[in-house]
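Chemist: I would like to see how this sequence folds:
(2 chains)
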Amino acid sequence: MKTNPAATVSLHVVLVFLAGVSLMPLLWLVCATVKRGDDLFAYALLPWDHLDRLTLNNFRELFARESFGRWLLNSLFLASTHTVVVVMLSSLGGFALAKYRFRGKKPLMLMMLGTMLLPSQVLLPSSYELMNQFGWINSYLAVLVPGAVSVFGLFLFRQTIATTVPDDLLAAGRVDGCSEFRLWWDVVLPVVRPMTGAFTLMSFLAAWNSFLWPQIVLQDEGKYTLPIALANMVGLPEYQAEYGVLMAGTLVSIAPVVLLFAILQKEFIAGLSSGAVKG
Amino acid sequence: MTRERLWSFQHRAAPYVFVSPFVVLFCVFLLYPLARSLVLSMYKTAGPENEKFVGLANYAFLLTDPLFWWSVLNTSLFTVAFLVIQIPVSLGLAVLLNNRRVRFRGAFRFAFFSTHLVGPVFVAVLFSILLNARQGFLNQVIGAVVGTPVQINWLGSPYLAMTAVLLAALWLGIGWGMIYFLAALQAVDLELYDAASVDGAGRWQQFVHVTLPGIRPVLVFMILIGSIGAFQLFELPYVLFNGPGPAQSALTIVMYLFATGFEAGDLGYAAAIGWLLVLILFGLALLQLKLFKAGRDDA
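Modeler: Predicted coordinates:
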């Protein structure tokens, strides 16, 4: 009864069907990027009877007509820099909160916890005003510097370091003549590596996809990131007729992160769900 | 001697040095804008340089602003519809995947989860074409299923606009929810199922009496996080409709905040909208915590 083959097969049929439904929009997207304009809606997926009509023209148009290469580089630069900074600051701060006693620690933590549930949109008007005073409108500083604060990241590191880094290990490091800074780099970071990997991916993904704040402060076309550029292209009249180019832009924007996660998914999902179950 | 003092100094100073970059940024870019936003909400502004103190007038006006309440209604309906569909479907998928007989679990998990990697702006761009009324893929599929071509005006009809947003949001959110439920299911003690089946409990009874209580914390977490996220809906409708949609039918709270602050240029009024959003979310969180606590006392 437990190994009823028919039940096993039907279970997998259902799963394959559901996975197909889930992936269908992405499959359609990939097909749409290689179709000619007049084939786009004429064939649901690919023009099977005219495979010779498949083309890479949409990609060529995308990079020729728009500064798409520039926007791609902007996105890569901003997301990578953001990720490095946020991981550094959160792990340093989290280490201090987890393993040291110091004045003002308690009120500091309470204050930070208090802001965690706040919807970030309430900060938009006043932050914009502040960026204006700093002269940071149209500067990447407006995206990177305020974005370096991740209270979630700080507490994630604090929690992980407190539970996985033994005090004896730190004491031994000190006896061996490690400075406190080297303890962080050479002892703490290697121990919390699995969680750091997951957090790094999450931060990169969030920065890669972020739209509202960058769109407010980056007004110059040369500074655009991919989400800003695509949201802008959808509104342009010339793309009301050229969906293929638009879809090529969408594919180029999502392929890097999907590939990255496909390669690293085990590490990521373990890190993502460990927090939820423990908490 | 001095070396020793230097050594102990670096030990004592270390925590302050380690937290200070974070604390400085936290104060300048979070605490200050937060306080400033409260002050700003009492000003009427036209651009960042031109402002006039109006006291609580922004809030008073907001309470009778039909567009604001329209956005609250839209956002609330979206949130309820999203959770009512997402939670059971995500949980159902997780239960299917958690079956011991499933092979290639990792591949299936990735197939469901990968949609969540696509940013909301990109999803909106993709769905704006998939939902095309004349020849969009979704209408082609529906047409093939019902046997006659259909031209459902997903994006042009005020009655369907929010449904279109919901479709995109569910595509983004179901696999994400599944990951959490799957992790929770795998943490439920298997012996409890054996005990239940010895007591003669069927599949459904096991689900209700063993699985649901076992994953309760994650369920509460998902409803809380899901509703908070849904109330902040912005990118999907904004990009899908390039604005509030037909007859403002896809206007959300955050979109209204964005439009008043950054399109009409009244940062003060936008700040007031932001604070009402804070109040709504806090109220929502408190209400849910209370409800779930009450539910636990009964059990």
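
Chemist: so which residue of chain A comes closest to chain B?
Modeler: Closest residue of chain A to chain B, C-beta to the nearest C-beta: A:N209 (2.8 Å). All C-beta atoms are positioned from the backbone trio N, CA, C, and that covers glycine.

Chemist: my read: that residue touches B:F122, true?
Modeler: Yes - taking contact to mean C-beta atoms under 8 Å, the distance of 7.5 Å between A:N209 and B:F122 places them in contact.

Chemist: Give me the common contacts of these two.
Modeler: A:P227 (C-beta atoms under 8 Å, 6 or more residues apart in numbering or on different chains).

Chemist: Can you tell me the element the most centrally placed residue in chain A falls in?
Modeler: Chain A has A:L205 as the residue nearest its centroid, 0.7 Å off, counting by C-alpha atoms, centre = their mean. Under the assignment given by DSSP states H and E, the secondary-structure element containing A:L205 is helix A:193-209.

Chemist: any idea of the mean pLDDT for the helix or strand just after that helix?
Modeler: Secondary structure here is assigned by DSSP H and E; on that basis, the next helix or strand after helix A:193-209 toward the C-terminus is helix A:212-217. Averaging pLDDT along helix A:212-217 gives 97.

Chemist: Which neighbouring elements make contact with helix A:212-217?
Modeler: Under the contact definition 3 or more C-beta pairs under 8 Å, 6 or more residues apart in numbering or on different chains; DSSP states H and E, helix A:212-217 sits against helix A:124-134, helix A:141-147, helix A:226-235.

Chemist: Now do the shortest one: everything it contacts.
Modeler: For helix A:141-147, the surrounding residues in contact (C-beta under 8 Å, 6+ apart) are A:78, A:81-82, A:85-86, A:127, A:131, A:134, A:136, A:207, A:213-214, A:217-218, B:25, B:29-30.

Chemist: With the longest one instead?
Modeler: Identification of contacts with helix A:124-134 by C-beta under 8 Å, 6+ apart yields A:137, A:141-142, A:146, A:212-213, A:216-217, B:29, B:32-34, B:36-37, B:40, B:48, B:257-258, B:261-262, B:267-268, B:270-271, B:274.

Chemist: Distance from the chain centre to that helix, please.
Modeler: Once both centres are worked out by C-alpha atoms, centre = their mean, to the nearest Å, helix A:124-134 turns out to sit 24 Å from its chain's centre.

Chemist: Check which element follows the strand or helix carrying B:G226 along the chain.
Modeler: With the criterion set as DSSP H and E, the secondary-structure element containing B:G226 is helix B:216-231. Note on helix B:216-231: by DSSP H and E, the next helix or strand toward the C-terminus is helix B:235-241.

Chemist: nearest residue to A:F152 other than its sequence neighbours?
Modeler: Setting aside the residues directly before and after it, A:F152 is nearest to A:M116 in space (C-beta to C-beta, 6 or more residues apart in numbering or on different chains), at 6.7 Å.

Chemist: Just give me the neighbour total for the one you found.
Modeler: By the criterion of other C-beta atoms under 10 Å in any protein chain shown, A:M116 has 10 neighbours.

Chemist: Using TSV, lay out the helices and strands packed on helix A:212-217 together with mean neighbour count and mean pLDDT.
Modeler: TSV is the format used below for the helices and strands packed on helix A:212-217 (neighbours: other C-beta atoms under 10 Å in any protein chain shown; pLDDT from 0 to 100):
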stretch	mean neighbour count	mean pLDDT
helix A:124-134	21	96
helix A:141-147	20	97
helix A:226-235	21	94
